[in-house]
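Participant: how does the following fold in three dimensions:
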Amino acid sequence: MKIFSSRFLWCVVSVCAALAMAGCASTGDGEVRTQSDMTDAQKRASIRLQLAAGYYEQRQWNVALDEVKKVLAIDPDNADAYNIRAMTYMQTNEIALAEDNFLRALSLAPNNPELANNYGWFLCQHGHPEKSILLFEKAFNNRHYQSPATALNNAGVCSLKLKKDKAAEDYLNQAFKFDARNPTTNGNLAILYYTRGQYDRAHFYISRVMKVEALTAEMLWTAVKIERKRGDRSAEAAYISHLRRLYPDSQEFSAYQRGMFDE
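Facilitator: Prediction:
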């Protein structure tokens, strides 16, 4: 059973926490800079940056890259712009370009926790989980970081890749303490305990995932397998029914039809 990923649940990387607030940007150490601190050029760049972030979230990669180019024409040393460009290149599988832009962003803002988290996730996904853990720890230990649960969850996921089960459990439990409602953390804890054969503990966490509004095929299939192991046929049947109704063409429903419960 695979770990829960940003493709299905909450993002494990962040465009920039400050972009959630109109007219804000991040400084090198993660502090928020408001409009009153900005020059006119920086304000124009901030508007473009918010557009780039919006297009990124809408998966309009080329448009996002175009907006980033406009930001850098105004403000060539804008670390957040390089961050968005790096993550966009991750999505388009242009790995070398992604890394170049992450490194450029970090050279401009070496203490920015969002950048540390994002580059850490990049490294974890591309063969360097050991290095990624150091960056996640740098992120969640930064007092300005607004999303420590994100970096802790990522550290847990990448510890699992390193076969460090106990470290993964510790990171994920820390993430849970910061944000007990985070479906990614709950999902990964459910999977961790499922793989250990601790099905009641897995049930506790997957039940919390089931409270989110937008259930995915991956969430439902995970719940099916946990309830099957627990012997709760009623709950298993209910989740199968949801999976059949909502995602009849999904890989997960196909796996159910083929009886692949232990894959």
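Participant: make it CA atoms for all contacts and neighbour counts henceforth
Facilitator: OK.
Participant: hmm, who's touching stretch 233-245?
Facilitator: 217, 220-221, 223-225, 227-228, 253 (CA atoms under 8 Å, 6 or more residues apart in numbering).
Participant: so which of the residues you listed sit within helices?
Facilitator: Taking DSSP state H, the ones among these that sit in helices are 217, 220-221, 223-225, 227-228, 253.
Participant: who are the packing partners of the one helix or strand S132 maps to?
Facilitator: Element membership for S132 (DSSP states H and E) is helix 129-140. Packing partners of helix 129-140 (3 or more CA pairs under 8 Å, 6 or more residues apart in numbering; DSSP states H and E): helix 113-125, helix 148-161.
Participant: quick check: angle from the first one to helix 129-140?
Facilitator: Helix 113-125 and helix 129-140 are oriented at 160 degrees to each other (axes from the mean of the first three to the mean of the last three CA atoms, to 10 degrees).
Participant: make TSV out of the ones in helices among the contacts of stretch 233-245 and add pLDDT and neighbour count.
Facilitator: Listed next are these as TSV, based on pLDDT from 0 to 100; neighbours: other CA atoms under 10 Å:
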residue	pLDDT	neighbour count
A217	92	23
L220	94	26
W221	95	23
A223	96	26
V224	97	25
K225	96	22
E227	97	22
R228	96	17
F253	95	22
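Participant: include distance to A155 when you put those into TSV, please.
Facilitator: Shown next, in TSV, are these (distance: CA to CA, whole Å):
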residue	distance to A155
A217	24
L220	24
W221	24
A223	23
V224	27
K225	25
E227	27
R228	29
F253	30
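Participant: a markdown table for the helices and strands packed on helix 129-140, including mean pLDDT, distance to A235 and mean neighbour count?
Facilitator: Below are the helices and strands packed on helix 129-140 laid out as a markdown table (pLDDT from 0 to 100; distance: least, CA to CA, whole Å; neighbours: other CA atoms under 10 Å):
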| stretch | mean pLDDT | distance to A235 | mean neighbour count |
| --- | --- | --- | --- |
| helix 113-125 | 94 | 34 | 26 |
| helix 148-161 | 93 | 27 | 27 |
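Participant: can you list the ones you listed in CSV and add distance to Q60?
Facilitator: As requested, these are arranged in CSV below (distance: least, CA to CA, whole Å):
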stretch, distance to Q60
helix 113-125, 19
helix 148-161, 24
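Participant: quick check: which of the ones you listed is nearest to E94?
Facilitator: helix 113-125 (11.7 Å; CA to CA).
Participant: could I have the closest one exported to PDB, CA atoms only?
Facilitator: Output of helix 113-125 as PDB, limited to C-alpha atoms (Å, rounded to 0.1, in the frame of the first residue of the first chain):
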ATOM      1  CA  PRO A 113      11.300  27.500   5.700                       C
ATOM      2  CA  GLU A 114       8.900  27.200   2.800                       C
ATOM      3  CA  LEU A 115      11.800  26.800   0.400                       C
ATOM      4  CA  ALA A 116      13.500  24.300   2.700                       C
ATOM      5  CA  ASN A 117      10.400  22.200   2.800                       C
ATOM      6  CA  ASN A 118       9.800  22.400  -1.000                       C
ATOM      7  CA  TYR A 119      13.400  21.600  -1.900                       C
ATOM      8  CA  GLY A 120      13.300  18.800   0.700                       C
ATOM      9  CA  TRP A 121      10.300  17.200  -1.000                       C
ATOM     10  CA  PHE A 122      12.100  17.500  -4.400                       C
ATOM     11  CA  LEU A 123      15.100  15.700  -3.100                       C
ATOM     12  CA  CYS A 124      13.000  13.000  -1.400                       C
ATOM     13  CA  GLN A 125      11.200  12.400  -4.700                       C
END
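Participant: out of the ones in helices among the contacts of stretch 233-245, who's nearest F102?
Facilitator: A217 (31.9 Å).
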